[in-house]
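Asker: output the structure for:
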Amino acid sequence: MFVISDISSLLTGSDIPQAPKGSDATPRTPRTNAEYSTIPNRYLPFAPDNERVLDCVMNNLKLNGIITEIDGSLRFADYSTPPGSQMTEMKTYEDLERIGASIGQYSYPNHNHNRNQFHYRHTPDNHIYSKISGSSHKNNTKVVSSNVHIMNEDVRRMFTFGITIECDHMSLWYHSRSHSAVSKPFSFVYKPLLLVKFFMSILFATTAQLGYDPLVTLEQDFKYTFNIPQGPSKPSRFFRTIKPIVEYRSNNITGRMTRIFHVYDVYEVDSDPRKEFVLKDIWIDKDAETEGQIQTALFGDIEKFWDEIPPSNDELGDLRSMHADLVASKKYKDFFLTIETDHVGSHSCFIADGAVPIRGLFDAPITTPVAFVPPLQAPPSPTHGKRSTVSTPRPIPATYTKTRFQSTKDLNQPRPPRSYIPRKHYRVVFQERCTSVGDLGVLGEVVDVLQQVLIPLQLMLCAGWVHRDISSGNILAFKKDSQSWQVKLSDLEYAKPFPPPAGYKASTDPKTGTPYFMPFEILGKSYLYLKSEDSAISTSIWANGKTTTGEDDVVVHNFQHDLESVWWILLWTITCRIHHTPSKEWARPIFQNITDLSPARTTCFSKKVEGALETILIDKARGFSKWIEAARLFMFKQYRERVRGGRLRAKGSYVFIHEQFINFFNALKGIKQKDWRELELIKNNPYSVPHIPQSSEKKAAATDEPTDHDPDPSPAPTAPAAHIAQPARMKLKRSRSEDEVEHILRPERQLGKRSKGGMTK
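Answerer: Residues are numbered from 1 along each chain as shown. Okay, the predicted model is just below:
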């Protein structure tokens, strides 16, 4: 988080509200420190000029007895001196509502700024609704959590504002998908004009200036309508939500905040059948290419490869011949999602000049949450019907104990540098509605789809692209009419050309990845074969202390890493998604939400696993054991031989392992005992997580460990550093009643979390 100096001139950026100590879910954002003059210009809706502020004070507040003069200085009549501790907070700050109401009665000359529909309300015992695991902290200590919930629940919210008060010290807050900022405290008793200026900025702002996306409309039936502009002189297209497919519910404000909806074209509603699509809503780095741009570039490179005259020593010749007809007919595009339309929307703002990142803002009590800008009309979330929700806790480094592999966090450890670059809002509409491989119902279907995904990965190898984010959530299965499943490889946001350009360095901002399926070398942050193993060492080291050992390369995601993720998905499927206790118990320490290699995962990939699988797999799946081991051994040896031979950047060096994966799946299909194909799978999404009960619920249910009722370990993806954002934990929920939906974003009526303070309505 960033802090902005002296409040009369500064605004601080800050870490996002954190979950309780000891929780694995720790929401964070950058803290910024900046001058107050920076706040209105950079963060607030608009900066009321001093003339208008004084006009409001003299002709509204002073006439109404809200402000008076004491010893030549302006003071709020009800706060002439800093409030003491004799009264409760509820009583102490209730007069802020009267101050806000009087400011709201001001009329701007020439209607330059019109009064909006918001009001400051004092609701100290308000409850804030929350469905995020790990967010049990009370809102009377962290107003930021309220903003987390609001931005999770309302698709329209691009950024939010808030204030916190401790005695007479007030701090102003701003939260966006790229960072958060909080000012250093100022005294609203001795500097009342600063509070007047802030209230005027909020009460006379447009809805867009308050963070509501003008391209999204909440309808009377609680569904959203998305306006997707089509370019100059072209009419926009409008898509109405039918139901959410996936919503990533994060403990953090910063991040991608992916939402996926089943939608229909509003102006094609009378067509038979109605035209339905899938809309993806996401925040990506400002300078990042969109999924549409990446797909266009990838398709161009695929066709370019097959248009080229092959070299005489064509190491990719077999793959070139294998897929020549597929590319010539353009049917290779069937292995990817079809983009109907897309649009890049607004950008979050840059961090204020002079902002200083800080940590541990919430380690000591510093503020009492009092107010925030609430939902526009208490809009409920359009969540009628079942939906998948994702809680995105922060995957964290790990430590080892005698009993288990545990995750820890230490504020004393230096945090990796981050740029906190602005993010842009991107929406893309796809034609196909698919099922993820993590949601397929039987093992045979999973194997069929995973075998098919080798084809787009081979196309990407030839074109020189790596996917970098293979998981059970983005390998999709599409069924048209009664045909068999067709694989669709999705989520190309992190795909990049390979080999990378000379001098390439990995980004310091953490990227998406699902720890369950991350490759061994990526998690371990080093290659299996190190150049230092071949470095010479002389006995002269004892005399001069010098070695000839060189530095080892930093790991860069390559083609085999994508294949390895497919292997992990299959292993996870046959151990965790089948109702068989021995396999799930064996797999639990292997599949964890951590960004380091656990001892169990290290052993699983670096040592022979056939014997263990023979012992723990359900009888019908034991035929997989030797083929899983064969694929592991080929990968292990190829990783080492490729580095030893200095061929990491040679595309041809990855053909052999692709051939072995073809053989791997052919061997699985050749297993004589075919009853494995009908093995039913647990349909919990790979990101599902057991319900975390509140303190009032039975303690026996409050466990992170899988139970007989929710037995499968579940992946939770990475999230960006100030958070680290990635696929998270998904949980299918029952349909919400209209009353429950209404409560989600109406702070004054929400359930679950207390908020000491006031808010607007």
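
Asker: can you list the domains in the protein?
Answerer: Structural domains assigned to the chain are 2-213+351-380+742-760, 440-499+512-528+554-678, following automatic domain parsing.

Asker: what mean pLDDT does the shortest one have?
Answerer: Per-residue pLDDT values over domain 440-499+512-528+554-678 give a mean of 95.

Asker: what do you get for the first one?
Answerer: This predicted structure assigns domain 2-213+351-380+742-760 an average pLDDT of 71.

Asker: all helices for the stretch 401-550 of the chain, in order.
Answerer: Listed in chain order, the helices found in the stretch 401-550 of the chain under DSSP state H, counting those that start in this stretch are 443-452, 454-463, 520-524, 541-544.

Asker: figure out which of those helices is closest to residue 152.
Answerer: Among the helices of the stretch 401-550 of the chain, the nearest to residue 152 by CB to CB is helix 520-524 (28.3 Å). To be clear about C-beta, it is placed using only N, CA and C from the backbone, and glycine gets the same treatment.

Asker: what's the closest one in contact with?
Answerer: With contact meaning CB atoms under 8 Å, 6 or more residues apart in numbering, helix 520-524 is reached by 513, 515, 527-528, 555, 557, 561, 564, 595-597, 601-602, 605-606, 639.

Asker: list only buried entries from these.
Answerer: 513, 515, 527-528, 555, 557, 561, 564, 595-597, 601, 605, 639 (16 or more other CB atoms under 10 Å).

Asker: need those in CSV (columns: distance to residue 432).
Answerer: Output for those, formatted as CSV (distance: CB to CB, whole Å):
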residue, distance to residue 432
513, 24
515, 28
527, 37
528, 37
555, 34
557, 26
561, 26
564, 27
595, 32
596, 36
597, 36
601, 34
605, 34
639, 35
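
Asker: buried set for the longest helix anywhere in the chain?
Answerer: Secondary structure of the chain per DSSP state H: the longest helix is helix 625-644. By neighbour count with 16+ other CB under 10 Å, helix 625-644 contains the buried residues 625, 627-629, 631-632, 634-636, 638-639, 642-643.

Asker: do the same with stretch 474-483
Answerer: By 16+ other CB under 10 Å, the buried positions in stretch 474-483 come out as 474-478.

Asker: tell me which of those residues fall in strands.
Answerer: The strands, defined by DSSP state E, take in 475-478 from these.

Asker: check contacts around residue 66.
Answerer: 60, 76-78, 98-99, 102.

Asker: of those residues, just the buried ones, ChimeraX syntax please.
Answerer: A single ChimeraX command selects the buried members of the contacts of residue 66 (16+ other CB under 10 Å):
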select :60,76,77,78,98,99,102
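
Asker: of the contacts of residue 66, closest to residue 652?
Answerer: residue 99 (72.0 Å).

Asker: okay, and that closest one sits in which element?
Answerer: For residue 99, the element it lies in under DSSP states H and E is helix 95-104.

Asker: for residue 294, give me its contacts.
Answerer: 492-493, 495.

Asker: check residue 504 too.
Answerer: Contacts of residue 504 (CB under 8 Å, 6+ apart): residue 556.

Asker: in the contacts of residue 66, find the pair that's most separated.
Answerer: 60 and 78 (15.4 Å).

Asker: residue 225 - that's part of a strand, no?
Answerer: Yes: judged by DSSP: H, G, I helix; E, B strand; the rest coil, residue 225 forms part of a strand.

Asker: so how far is residue 151 from it?
Answerer: With distances taken as CB to CB, to the nearest Å, residue 225 is found 19 Å from residue 151.

Asker: before we move on, what about residue 169?
Answerer: For residue 169 relative to residue 151 (CB to CB), the value is 26 Å.

Asker: ok, residue 73 - how many residues close by?
Answerer: Residues within reach of residue 73, counting by other CB atoms under 10 Å, total 11.

Asker: identify the bridge partners of it.
Answerer: Taking DSSP bridges, one obtains residue 70 as the residues bridged to residue 73.

Asker: packing partners of the strand ranked longest in the chain?
Answerer: With secondary structure taken from DSSP E, the chain has its longest strand at strand 237-250. In this structure, strand 237-250 packs against helix 143-153, strand 224-228, strand 259-265, strand 276-285, strand 387-392, with contacts taken as 3 or more CB pairs under 8 Å, 6 or more residues apart in numbering; DSSP states H and E.

Asker: now these as TSV including mean neighbour count?
Answerer: TSV is the format used below for those (neighbours: other CB atoms under 10 Å):
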stretch	mean neighbour count
helix 143-153	26
strand 224-228	20
strand 259-265	21
strand 276-285	21
strand 387-392	25
